[in-house]
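[1] A structural model of the following input is requested.
(2 chains)
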Amino acid sequence: MAEAAKTRATKGCVTRMTFQVEASLHQRPLAIELLSTVIGHVYATDRMFRHEMITAFGEAFNNIVIHGYRDKPDGVLDVEAELTAHEMTVRLIDNGRAVDFGGLEPPDLGSMPERGMGVYMIHALVDEVAYSGGTPNVLSLVKRTNTRPDPR
Amino acid sequence: MNCVRTDENGESRLEIDGALDALTVRDIRPVIDAVVADRPRRVTVDIEKLNLIDSSGVGAIVSLFKRVKANGGVVVVVGAKEQPLAVLKLLKLDAVFGLT
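    Numbering: from 1, shown residues only, chains lettered A, B, ... in the order given. I've put the predicted structure just below:
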């Protein structure tokens, strides 16, 4: 990522992408593919960054669709992504029920839980998690690019 | 997601490809139930061609692991790489599943 990041920092480039999908698990592959593609283009060499951000996004998507839009089949989910040389921000915006994305105790991984790991994974994989419940609900995930050594 | 089961000499092998997530996990649960019911002494879960997994998918494999173990069997996971490997490491399952 080093050269691309330097170039982007020098030019102050910001890449933005927004899209809207039906709040359905059937739209999850599309949403992940869109996000993965833009990450791959901007942070081309840092595959772990992409894995971690996509994983966190996927868990957030699941929680909003399954819990926030339970019994609300006509919901939509807006996604905003912003990528700079130093960090990526993803916002998931919905009008379903508010979902608890914080304040959870870490699961006892030693007991090999079969569920309840999603929110833990989100917090473990990104640098900042902010949630504002209301109309709409807004979940922001921020992941910085300098949180690990240069992969090259 | 596609899951192919093969059996030989009391051992089962599941080859899973594609994405194992909240959407597709419902398709693999009947396969897991059938494997557990047959009480194999060893189950190998090959995820070399799995390109995406989420907590729901992990939960399904953990369920398989626990139930086979309760019957006296062993479950190993092979071929993990990229995103699935990162998730299993995050959840400290890589060693449990014999990936390290």
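[2] what residues does A:V79 make contact with?
    When the contact criterion is Cβ atoms under 8 Å, 6 or more residues apart in numbering or on different chains, the partners of A:V79 are A:T18, A:F19, A:Q20, A:V21, A:A31, A:L34, A:L35, A:V90, A:R91, A:L92, A:I93. From N, CA and C alone the C-beta is placed, and that goes for glycine too.
[3] of those, which belong to helices?
    Among the contacts of A:V79, the subset assigned to helices under DSSP state H consists of A:A31, A:L34, A:L35.
[4] next SSE after the longest strand along chain B?
    Here the longest strand in chain B is taken by residue count, with DSSP state E as the criterion, and it is strand B:11-20. Downstream of strand B:11-20, the next assigned helix or strand under DSSP states H and E is helix B:25-37.
[5] so what touches that following helix?
    Counting by Cβ under 8 Å, 6+ apart, helix B:25-37 makes contact with B:1, B:3, B:5, B:12, B:14, B:16, B:20, B:43, B:56-57, B:59-60, B:63-64, B:67-68, B:71, all of which sit outside it.
[6] repeat that for 7 Å
    The contact list for helix B:25-37 (Cβ atoms under 7 Å, 6 or more residues apart in numbering or on different chains) reads B:1, B:3, B:5, B:12, B:14, B:20, B:43, B:56-57, B:60, B:63-64, B:67-68.
[7] can you turn the buried subset of the residues you listed into a selection I can paste into ChimeraX?
    A single ChimeraX command selects the buried members of those (16 or more other Cβ atoms under 10 Å in any protein chain shown):
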select /B:1,3,12,14,20,43,56,57,60,63,64,67,68
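[8] list the backbone torsions phi and psi for A:D74.
    Note on A:D74: its backbone torsions stand at phi -100, psi 20 [degrees, to the nearest 10].
[9] where's it relative to A:N137, distance?
    Note on A:D74: its distance to A:N137, by Cβ to Cβ, to the nearest Å, is 16 Å.
[10] those two: which is more packed in?
    When A:D74 and A:N137 are compared for neighbours, A:N137 comes out ahead with 19 against 8, by other Cβ atoms under 10 Å in any protein chain shown.
[11] beta partners for that one?
    In this structure, A:N137 has the following beta-bridge partners (DSSP bridges): A:D94.
[12] near chain A, which residues of chain B are found?
    With Cβ under 7 Å from any Cβ of the partner chain as the criterion, chain B comes near chain A at residues B:19, B:21-23, B:54-55, B:58-59, B:62-63, B:66, B:82-83, B:86-87, B:90-92, B:96.
[13] switch the cut-off to 8 Å
    By Cβ under 8 Å from any Cβ of the partner chain, the residues of chain B that approach chain A are B:19, B:21-23, B:52, B:54-56, B:58-60, B:62-63, B:65-66, B:82-83, B:86-87, B:90-93, B:96.
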